[in-house]
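Novice: 3D model of this:
(2 chains)
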Amino acid sequence: MVRRRSITITAGLGVLVLALGACSQGSSSSSSTSESDSAEGTTTTTIRYMNFSANDGHEADLDRIVEAFEEAHSDVQVEVETIPYADYFTKLQTAVAGGTVSDAFELNYENFVTYAENGSLAPLEGIDGSAYRESLLDAFNRDGTQYGVPTSFSNVVLFYNKTLFEENGVDLPTGDWTWSDVQAAAEELTDADAGVWGNYQPISFHEFYKTLAQAGGQFLNDDATEATFNTAEGVRAASWLVEKAGTTMPTEADGAGTPDFDSNLFAEGKLAMWNTGIWMFGGMADTDFEWDIVVEPGDTTKASAMFANGAVVSASSEHVDAAQRWVDFLAASDTTTEVRLETSWELPPVADESKLSEYLDVTPPENRQAVLDSLDAVVLPPVIERQQEMQDIVSEELGSAAAGRKSVEDALADAEDRVNALL
Amino acid sequence: MTRPQPQLGSEHAAVEAPGNPLEADARRGAGSSQPAPARRSPGRPATTRRLSPRVRTTGWVLFFLLPSGVPLLVFTFVPMVSSAWVSLHEWNLISSMTWVGLDNYAHLLTDPGTRRVFGHTLLYIGGYFPLVYAGGLGLAIVLNRQLAGRAFFRAAYFLPVVTSWVVVALVWQWLLNPSNGLVNQVLGFFSLGQPGWWTDPAWAMPSVILASAWKDVGFVMVILLAGLQAIPQEMYEAAKIDGASGWKLFRHVTLPLLSPSTFFVIVISLINGFQVFDQVYVMTGGGPAGSSQVVVGQIYDLTFRYGRAGEASALSWLLFAVILAVTALQIRGQRRWVHYG
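Specialist: Below is the predicted model:
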């Protein structure tokens, strides 16, 4: 009996210890780093890096950069975690809240502000700024402190199916085109019965702030205290997006908005013009028709969207120095530049444009110069602290207008009220 | 002290037990003046023990509770308490928390968004419950008869219940695809209207209700089937001798004797209904234009999309209070219409 009781207690304690162990595991260390001293002075540090931009096709390319870094810095090992973009920010937020965030991670420009403001990022010191394109480096600077380095950027251009244009005897798009040229060509090329559409441009926040700039409007006032998009320019921009749906562009009920709908449509040769990002170059390399790009047509003025991604170091990292060396290498090393250009994986943020020459030689598309030309008139997305809510509101209201549930004017007025409530 | 009548068999007991725990406890408590089982259980004489048998038994009880007690404590009670704490703060998950007292609750109670999501949730329950109950009862009655392949049909109707919601929701999204879904193609073949289903605000919630009823009808069927089988045949015989038949048998014998199972189905369905999330998240994402956003969906969005964890926690507690109140009302009301044999 005595023995049995002690077994009971031991077993009970065992269960308790296990349970406690299980719950402390999640919150114990802020980074799963390990240090192993092999001899005096040589320590290998393992840092973790979380990213989204290698997802879906560029995982091996990122591995190449990691290998090159580890060769150059034998004391640091990088463990990469790649998450799909759609889940990335939820995962990141949860990891930060749970204290399990990686030592370094990727952020896009829109979300950078939130993390910098909340003290989640370690300031980077002694970064060689001259290596970077200045505007991009500045995007990751907050009140004079550099909290991140730009790792890549990309922009949106107008893709067009050259074969489809030529077969129908329609003049090919040029860099001088405006909305009305797009509209005329799109109407001519749309053949709804055959499932061929003239144009596809998502009806969303990201397209709206850009078309608004193309129409000469501004999304927020200069000190971001008030929404300024409910204007004649705003109505013009929103109408441009909304009125395409169902005429020259498939509607949501036709399947628009579902994942890969637009890329499949274009790849099948059933889409004449497509406003999308240069990250689609790789995916469209093997189509059985010819295609090319031009700088996105504007209205009263040109404006191209630019997406900037950066790498930051977590304020809670125990290896800030090693993590900073990694993000610096990831951003500006020659290996990175080479890998990115070779694989058409967005553009490296390097200041030296001659390093980009190789990029222009790869085809398709023929007219890669348009990617660089687009940088002449860039409009960055408006950024506020409650970013996601603002984006959802604008996309939702425009969606209601596109589905005919509201007039464009009402949708913009409602969106303005709701965005103002966030500021 | 009444125990379940022997002739009702084990299936009845299985159904009744979860249905009226309070009732069962009350009876047991009222009738029992026996010593606690532990005290009279002989075991081996505890001559060498200094601990009293009572303490020893309690120790064992606690030990056997560990496997479920520890997870319950760690994954349910601790999060509940911490969500109550978070609900008194403003917190975006990444910065430190700021104390705001009851502001989150005050904001939620005045926010039209809260009323909207509760409204959508009630609409869901209002559409879902009659469908699953009528469907489940119909299936249970049919499958309670002697018919070929009965076991197969019972299993087939139960299959969706044990299937992952994500799979079911994706299949239904595909079936209800407005442009090329099977449902609209069939409707088009008969020249009927082809609703926009989950792309049309007026149809988004009906789409979700349809999928949910299809998935859960098997569960309701199994509960009601067990209830039907627990109804003693003598009752029917007696009623028939008195001249009842058809509808009257159903109305005055089957339904009243099925009421404990019905009560159980209502309680479970309402609790699950208030917590509806997975199917909405996958099928419509709360859209279009927020037309199918439900309470739990709002809690999720507030926390993980918008970084308003404090408000989301407050909304969770509001939902908890509503479910508790509704369930308490049901338990009070049951005496009027639930007949336990």
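
Novice: Can you tell me the number of residues neighbouring residue 59?
Specialist: As the question left the chain open, I've gone with chain A. By other CB atoms under 10 Å in any protein chain shown, 12 other residues sit near A:Glu59. From N, CA and C alone the C-beta is placed, and that goes for glycine too.

Novice: Not quite, go with chain B.
Specialist: Look at B:Gly59: counted by other CB under 10 Å, it has 15 neighbours.

Novice: Give me the local confidence score for it.
Specialist: Note on B:Gly59: pLDDT of 90.

Novice: Return the set of buried residues in the helix or strand harbouring it.
Specialist: Here B:Gly59, judged by DSSP states H and E, is contained in helix B:53-72. Buried positions in helix B:53-72, judged by neighbour count with 16 or more other CB atoms under 10 Å in any protein chain shown: B:Thr57, B:Leu66, B:Val70.

Novice: Likewise for stretch B:272-280?
Specialist: By neighbour count on 16+ other CB under 10 Å, the buried set for stretch B:272-280 is B:Gly273, B:Phe274, B:Val276, B:Phe277, B:Asp278, B:Gln279, B:Val280.

Novice: which element is the last one on?
Specialist: Which is B:Val280. If you go by DSSP H and E, B:Val280 is part of helix B:278-283.

Novice: Touching the helix or strand following that helix from outside, list them.
Specialist: Going down the chain from helix B:278-283, the next helix or strand is helix B:295-300, by DSSP H and E. Applying CB atoms under 8 Å, 6 or more residues apart in numbering or on different chains, the external contacts of helix B:295-300 come out as B:113-114, B:117-118, B:121, B:274-277, B:280-281, B:286, B:312, B:315-316, B:319.

Novice: and chain B, which residues reach chain A?
Specialist: Taking CB under 8 Å from any CB of the partner chain as the measure of proximity, chain B contacts chain A at B:44, B:48-49, B:59-60, B:63, B:66-67, B:70-71, B:74, B:92-95, B:177-180, B:196, B:199-201, B:287-290, B:304-307, B:309.

Novice: Recalculate using a threshold of 7 Å.
Specialist: Contacts of chain B with chain A, taken as CB under 7 Å from any CB of the partner chain, map to B:48, B:63, B:66, B:70, B:74, B:92-95, B:178-179, B:196, B:199, B:201, B:288-290, B:304-307.

Novice: Which of these fall in strands?
Specialist: With strands taken from DSSP state E, there is no overlap with the residues of chain B next to chain A.

Novice: Among those residues, the buried ones, what's the PyMOL command?
Specialist: In PyMOL, the members of the residues of chain B next to chain A classed as buried (16+ other CB under 10 Å) are selected with the following command:
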select buried, chain B and resi 66+70+92+93+94+95+178+179+196+199+201+288+289+290+304+306+307
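
Novice: hey, which helix is longest across chain B?
Specialist: For chain B, the longest helix by residue count, based on DSSP state H, is helix B:112-143.

Novice: Identify each buried residue in that one, please.
Specialist: Judged by neighbour count (16+ other CB under 10 Å), helix B:112-143 contains these buried residues: B:114, B:117-118, B:120-121, B:123-125, B:127-129, B:131-133, B:135-137, B:139-141, B:143.

Novice: Stretch A:105-124 too?
Specialist: By neighbour count with 16+ other CB under 10 Å, stretch A:105-124 contains the buried residues A:105-118, A:120-124.

Novice: Do any residues in that stretch lie close to chain B?
Specialist: Yes. Part of stretch A:105-124 sits near chain B under the criterion CB under 7 Å from any CB, namely A:Tyr115, A:Asn118, A:Gly119, A:Ser120.

Novice: Identify the residues contacting stretch A:399-419?
Specialist: Outside of stretch A:399-419, the residues within contact range by CB atoms under 7 Å, 6 or more residues apart in numbering or on different chains are A:203, A:227, A:229-230, A:234-235, A:238-239, A:242, A:245, A:252, A:390, A:393-394, A:397-398, B:201, B:288-289.

Novice: For A:Ser53, give me its contacts.
Specialist: A:Ser53 touches A:Glu106, A:Ser152, A:Asn309, A:Glu346, counting by CB under 7 Å, 6+ apart.

Novice: tally of neighbours for residue 197?
Specialist: Answering for chain A, as no chain was given. Close neighbours of A:Trp197, defined as other CB under 10 Å, add up to 26.

Novice: The intended chain is chain B.
Specialist: Around B:Trp197 sit 24 other residues, with neighbours defined as other CB under 10 Å.

Novice: In the stretch 101-250 of chain B, what residue spans correspond to helices?
Specialist: B:103-110, B:112-143, B:150-158, B:165-175, B:182-189, B:201-229, B:233-241, B:246-249 (DSSP state H, counting those that start in this stretch).

Novice: what about A:Gln77, which helix or strand?
Specialist: Using DSSP H and E, A:Gln77 sits in strand A:76-82.

Novice: Which elements pack onto that strand?
Specialist: strand A:42-51, helix A:59-72, helix A:320-332 (3 or more CB pairs under 7 Å, 6 or more residues apart in numbering or on different chains; DSSP states H and E).

Novice: Roughly how far does A:Lys302 sit from chain B?
Specialist: Remark: distance between A:Lys302 and chain B (CB to the nearest CB, to the nearest Å) = 32 Å.

Novice: How about A:Tyr85?
Specialist: Look at A:Tyr85 and chain B: by CB to the nearest CB, they are 14 Å apart.

Novice: Give the burial count for the closest residue to that residue other than its chain neighbours, as a bare number.
Specialist: Closest residue to A:Tyr85 apart from its sequence neighbours, by CB to CB, 6 or more residues apart in numbering or on different chains: A:Phe52 at 4.5 Å. A:Phe52 has 21 neighbours, counted by other CB under 10 Å.

Novice: Equivalent analysis for B:Ser269, please.
Specialist: 19.

Novice: who's in contact with it?
Specialist: Contacts of B:Ser269 (CB under 7 Å, 6+ apart): B:Phe129, B:Val132.

Novice: Recalculate using a threshold of 6 Å.
Specialist: Taking CB atoms under 6 Å, 6 or more residues apart in numbering or on different chains, we find B:Ser269 in contact with B:Phe129.

Novice: So for it, what's the pLDDT?
Specialist: The model's pLDDT for B:Ser269 equals 94.

Novice: ok, it to B:Thr262 distance?
Specialist: As judged by CB to CB, to the nearest Å, B:Ser269 and B:Thr262 stand 10 Å apart.

Novice: remind me which residues of chain B are low pLDDT?
Specialist: Where chain B drops to pLDDT under 70, the residues are B:1-49, B:341.

Novice: tell me the centre residue of it?
Specialist: Central residue of chain B (CA atoms, centre = their mean): B:Ile268, 2.7 Å from the mean position.

Novice: Can you tell me the SS state at that one?
Specialist: helix (DSSP: H, G, I helix; E, B strand; the rest coil).

Novice: got the buried residues for stretch B:228-247?
Specialist: In terms of neighbour count (16+ other CB under 10 Å), stretch B:228-247 has its buried residues at B:Leu228, B:Ala230, B:Ile231, B:Pro232, B:Met235, B:Tyr236, B:Ala239, B:Ala244.

Novice: re the thing from before, let me know the average pLDDT across the next helix or strand after the strand holding A:Gln77.
Specialist: Downstream of strand A:76-82, the first helix or strand assigned by DSSP H and E is helix A:85-98. Mean pLDDT, computed over helix A:85-98, is 88.

Novice: So what touches helix A:85-98?
Specialist: Contacting residues not belonging to helix A:85-98 are listed as A:Phe52, A:Ile83, A:Val101, A:Ser120, B:Leu93, B:Ile94, B:Phe304 [CB under 6 Å, 6+ apart].
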